[in-house]
Structures are given as structure tokens and as C-alpha cells.
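In: Just the structure for this:
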Amino acid sequence: MCEARSGHRIDCLATIRAIAPTMAPKLDRARAIAFANNKGGSGKTFMAFQLACEAARSRSGSKVLVIDFSLYSDISALLLGGSARAGIGAAMKGLQTCVDATTDAIRAEGLVRALEAAAMAREGVRSESAQAPRRSSVFGSWFARGGEREPPGGVVDEIDVDLTTFTIRPHDYNPEIPENLYLCAGAGLNSWGDERAHLMDVDGEEVPLWARQGDEWVGAGQVFRDAVERLPKEFGAVMIDTDHLAACVLTKLAFSAADSIVIPLSYNDMDFNRLFSDGTGNSLFNVLLAMDSAGVLKARIRKLMFTRVGATANTPIQSPGGIASPFTPTKTSMAQMDDMARQIWSVCNAPAYRNLFSGIEDIEPTEANAVRTFMNEYFGTLKLMPELASLISTMNGIPVCNMTTRTYTAANGLSGNTSAAVLNSLKSELSMSTRDVMDDDRYNAPISSSEK
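Out: Next up, the predicted model:
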């Protein structure tokens, strides 16, 4: 049995994963990851929150940038103090902190405005050289509606965007967050509410930004891609939380700029089917296929992570189908995971779907162990967290990597603590999952002490 010490657990998982090589390329710049699922409640934001904090904690000499491109801005709430509310209808503590500490010029909507301004400036340069008219765009219409609408500093001719000018350091407002984590925050309705998110189409009908059709966002997506690639070298990771509306412009911006996509998966078969078919046109895979066909998709699927997985032991194991897990899932969990993974492999028989996966060309479909190699390489797990630890983490904005055995009290009066043994196990497993998602063994600091 593997011991709880991180070094021993690392060796166990390395042995489990030896069946397949790491296929994602190593990058000299920041690795950009988009977390995506078109179904709310899949665990996307909670997973992104935990992995981002663990990545920052475990590699303190490098910076992590979190970009909140979700209309609900939940990851900003978690990083800036938690989801607790003073009462029904009141703002979450973290979002209130965001509103108090930022302006729309430096939040995510300000970033989008700057991306659009730069895209229009680039287009103006091209238009002038070609003596062609300069066209308007979806964001130009959106941000023409009242309030502060000039890019930061009033500069309208810059063709590049510096992402660091749109960040705050959550640690300054929530000491539980690692000091080397930075956030481009969203503020929920203050950022993306009806009064800000509607625009006039050519017929005069108001259409929500996230329902807007067309390719007006593409120029901003290219600017965003360049901005991510131009981040200072001290940034080792960029993690983008996307909206559960996969067809939302914000989500498409993330897919156009990130290197990898991490998809959280539940066991619910209806949720699983919606990844491929959705009557609203919002299925994640169909959005990716359309973007790839149009040549505007940069990101490729790197991991599908089963969330809230039931466990019987803290020992790393491999499912019968080949899915590596830093703990031992229940037999029912493993059977369901294997079945869903095999279904996704069957989808990959179609070249268009195969092209969505990073490095999958290295797996020959005719190989005897191709399915097992695929499942081992592209799937992972996150344990179902004890309710108390999960609620304290969410309501107080405390990532698991920094939790201790002390008693925590949430704004609603919920109070309690979690044992060192449970926390040590969670931290060790989270550490392994972070390295698995990052494809980088440098995120390997010993787990932090759980003793208060």
C-alpha cells in the first residue's frame, strides 16, 4: 500500500501511468488551460479553483494566472473570499470584494474591451494598407452602450494587450490563497448583467452577447492568443474558467487562446450525452468541431476528469480499463468511468473528433492496447470530498491545499474541522492530479502541513 507521504504516492502514480507516454508538448512559456463543460454543476469551477491554488502552492517560484470567463464569475468569488452570503439575494462575499476592489476597466469585461480595441486597431492597419473599409464588431457595439467604454488609458491604437494590467492578487484580499496566484476577475451581474451584455443587431433587436451568432469575436481571439503567449516568463500557468454556455463568446475566446482543454465529467448519462448533442446548439464537442473546421480553435482536449468520485481507499490504482486514479474508486465508479471513456474512444474513430485531442495521433487505432492507452492518457479522477471540507472550502474561499485541522466557521454559522489524515490524503491526491493535468513534474512541492 502506498503511504500518505507525497513522495511515495508520486512513485505509485508514476508506475500506474507508465503504460503510456506523456503526449502533450513541453512548453517554454506558460501552459494555458481552459476548463470547460456545457453543463452547469459538473464541478468545473470547483476543480479549476483547487488545481489553480495547488499549482501556485506547489511551484512557488512561478506565477499562476486565473482568468474568469464565466458569466457567473464563481471562481472569482472563491478566490476573493468565498460563496457565503449575508442573506437571500445578497452578493457572495467574494464577488462583493471583487466589486469593492476593482473597476470594470481592469476586470474581465475590461480585458474583453481591450482585446476588441486591439483587434480593431489591427484591422485598421490592414484596412489602410489594403485601402479597404474598416468594419464594426460585436464588442464594439456591446461596449458602445454607456458607462466607461474607452480601453484602459484611453489608448485605441495599440495592437497588443498586456494581460498583467488586468490582474489583481487574491492573496491581498483572501490570505488563504497563495501569494503567487493572480486573477483577472469577473463580478457576476456587475460584469455581465443585462444592462451590460445586450447589444443592437442590424435589425434593432437586442440579443444577449452569449447568444450572438457569427464570427465577430475572431479578431479579439487572435489578440487574446498573442497576449497569452506574450506573458512574462515567470508565469508558468494560465487557467481559464469558461462558461457552461459552450457557444458563449467568452468560452470561444478561451478555446482560441488556450493550449489545452480539461473537461470535468459527472456520472450522469444525460449530462454526458449533452456534451455531444444539445438542442440549444450548445454542446461542447459541436462547438469545438465548428471552431476547428473554421480554423479558429487552438486548444485541444488534454484531460477528461471524473469529479466527485466515490472512494474505498487512499491507494492509487488503475481501473480495469486503464484509467489512473490517485485513490481507489468504488467498483461501480470504475465500471461507469470505463464505460464512458470507451464511448469517447469510439467517437474518436471519426477523424474530426480525433483532431480535437492533443497528441492522439500517436495512438494507432489498430493497436491491441489502443483503448487502454487512450483511457490512461486522457482520463483522470477527483475524489468526492467530505461534505464539511467541501462546504468550508467553497463558502470561505479556502483551497484544500491550505486547509488545516483548525475549526472553520462559515458566514451561515456552519462550523467544524477535518482530521489531518483526511486532509493529508486529499492534498496528496490533489497534488498528483495537478501534475497530471499540467503534464509537468515541477509542480511537486511536499504537501503543506495540515496541523493547525
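In: quick one: the strands in the stretch 51-200 of the chain?
Out: 63-69, 181-184, 198-200 (DSSP state E, counting those that start in this stretch).
In: got the contact list for the residue lying closest to K233 once chain neighbours are set aside?
Out: Nearest residue to K233 in three dimensions, chain neighbours excluded: R29, at 7.2 Å (C-beta to C-beta, 6 or more residues apart in numbering). For the C-beta atoms, the positions are set from N, CA and C on the backbone; glycine is no exception. Contact partners of R29, counting by C-beta atoms under 8 Å, 6 or more residues apart in numbering, are 229, 231, 233.
In: Repeat that for L297.
Out: Taking C-beta under 8 Å, 6+ apart as the test, what L297 contacts is 255-256, 288, 291, 356.
In: Tell me which of those residues fall in helices.
Out: 255-256, 288, 291 (DSSP state H).
In: and A299, how far is that from T242?
Out: 10 Å (C-beta to C-beta, to the nearest Å).
In: Looking at the two now, which is surrounded by more residues?
Out: T242 (29 against 25; other C-beta atoms under 10 Å).
In: Spatially nearest residue to the more buried one (excluding sequence neighbours)?
Out: Per C-beta to C-beta, 6+ apart, closest to T242 is T251, 4.2 Å.
In: Let me know the secondary structure of the one you found.
Out: helix (DSSP: H, G, I helix; E, B strand; the rest coil).
In: Does it touch A257 like I think?
Out: No. Between T251 and A257 there is no contact under C-beta atoms under 8 Å: 11.2 Å.
In: okay, now S358: neighbour count?
Out: Counted by other C-beta under 10 Å, the residues lying close to S358 total 20.
In: Return, as residue ranges, the portions of the stretch 1-150 of the chain with sub-threshold pLDDT.
Out: Applying pLDDT under 70 to the stretch 1-150 of the chain flags the ranges 1-27, 125-150.
In: residue boundaries of the helices in it?
Out: 6-16, 44-58, 74-79, 93-101, 108-130, 138-142 (DSSP state H, counting those that start in this stretch).
In: just the stretch 251-400 of the chain next, same as before
Out: With DSSP H, counting those that start in this stretch as the criterion, the stretch 251-400 of the chain has helices spanning 269-274, 284-294, 331-347, 351-354, 370-378, 387-396.
In: G89: which of those helices is closest?
Out: Judged by C-beta to C-beta, the one of these that comes nearest to G89 is helix 387-396, at 16.9 Å.
In: ok, the residue nearest to T242 - contacts?
Out: By C-beta under 8 Å, 6+ apart, the neighbours of T251 are 34, 36, 69, 242-243, 245, 287.
In: Swap in 10 Å and give it another go.
Out: For T251, the contacting residues are 34, 36, 38, 69-71, 210, 240-245, 282, 284, 287, by C-beta atoms under 10 Å, 6 or more residues apart in numbering.
In: Pull the most distant pair out of those residues.
Out: Across the contacts of T251, no pair lies farther apart than I240 and N282, at 18.1 Å, counting by C-beta to C-beta.
In: neighbour-wise, which of those two wins?
Out: I240 (29 against 20).
In: Quick check: the more buried one is in a strand.
Out: Yes. I240 forms part of a strand when assessed by three-state DSSP.
In: separation between it and A108?
Out: 10 Å.
In: what touches both of these two?
Out: Joint contacts of I240 and A108 (C-beta under 10 Å, 6+ apart) are 67-70, 184, 250.
In: wait, which of the helices of the stretch 251-400 of the chain is closest to A84?
Out: helix 387-396 (4.4 Å).
In: Check which element follows that closest one along the chain.
Out: strand 408-409 (DSSP states H and E).
In: Now do that following strand: which elements does it pack against?
Out: Packing contacts for strand 408-409, counted by 3 or more C-beta pairs under 10 Å, 6 or more residues apart in numbering; DSSP states H and E, involve helix 387-396, strand 415-416.
In: could I get the ones you listed as TSV with mean neighbour count and mean pLDDT?
Out: TSV is the format used below for the helices and strands packed on strand 408-409 (neighbours: other C-beta atoms under 10 Å; pLDDT from 0 to 100):
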stretch	mean neighbour count	mean pLDDT
helix 387-396	19	92
strand 415-416	12	88
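In: Which among those is found nearest to G94?
Out: The nearest among those, by C-beta to C-beta, is helix 387-396 at 9.7 Å.
In: Mind giving me the packing neighbours of the closest one?
Out: When contacts are defined as 3+ C-beta pairs under 10 Å, 6+ apart, helix 387-396 packs onto helix 44-58, helix 74-79, helix 93-101, strand 408-409, strand 415-416, helix 420-438.
In: Touching, A86 and N412? I think so.
Out: Yes. A86 lies in contact with N412 (C-beta atoms under 10 Å); the separation is 9.5 Å.
In: Burial check on S346, number of neighbours?
Out: Neighbour number of S346 under other C-beta under 10 Å is 11.
In: got the contact list for it?
Out: So, once contact is read as C-beta under 10 Å, 6+ apart, S346 ends up touching 353, 371.
In: make it 6 Å
Out: Applying C-beta atoms under 6 Å, 6 or more residues apart in numbering to S346 gives no contacts.
In: What's the separation between it and A370?
Out: On the measure of C-beta to C-beta, S346 and A370 end up 12 Å apart.
In: got any residues that touch both of the two?
Out: Common neighbours of S346 and A370 (C-beta under 6 Å, 6+ apart) do not exist.
In: what's the burial count for the closest residue to G221 other than its chain neighbours?
Out: Spatial nearest neighbour of G221, chain neighbours left out: S256 (3.4 Å); criterion: C-beta to C-beta, 6+ apart. As a burial measure, S256 scores 22 neighbours (other C-beta under 10 Å).
In: Please apply the same query to A247.
Out: 21.
In: for the protein, which strand is longest?
Out: strand 300-309 (DSSP state E).
In: quick check: angle from that one to helix 387-396?
Out: Using axes from the mean of the first three to the mean of the last three C-alpha atoms, to 10 degrees, the direction of strand 300-309 lies 120 degrees away from that of helix 387-396.
In: what residues does strand 300-309 touch?
Out: Against strand 300-309 from outside (C-beta under 6 Å, 6+ apart): 24, 43, 260-265, 329, 333, 337, 356-358, 378-384, 437.
In: Repeat the analysis, applying 7 Å as the threshold.
Out: Strand 300-309 is contacted by residues 24, 42-43, 47, 260-266, 329, 333, 337, 344, 356-358, 378-384, 437 when judged by C-beta atoms under 7 Å, 6 or more residues apart in numbering.
In: Can I get the helices and strands packed on strand 408-409 in CSV including distance to A118?
Out: As requested, those are exported to CSV (distance: least, C-beta to C-beta, whole Å):
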stretch, distance to A118
helix 387-396, 36
strand 415-416, 48
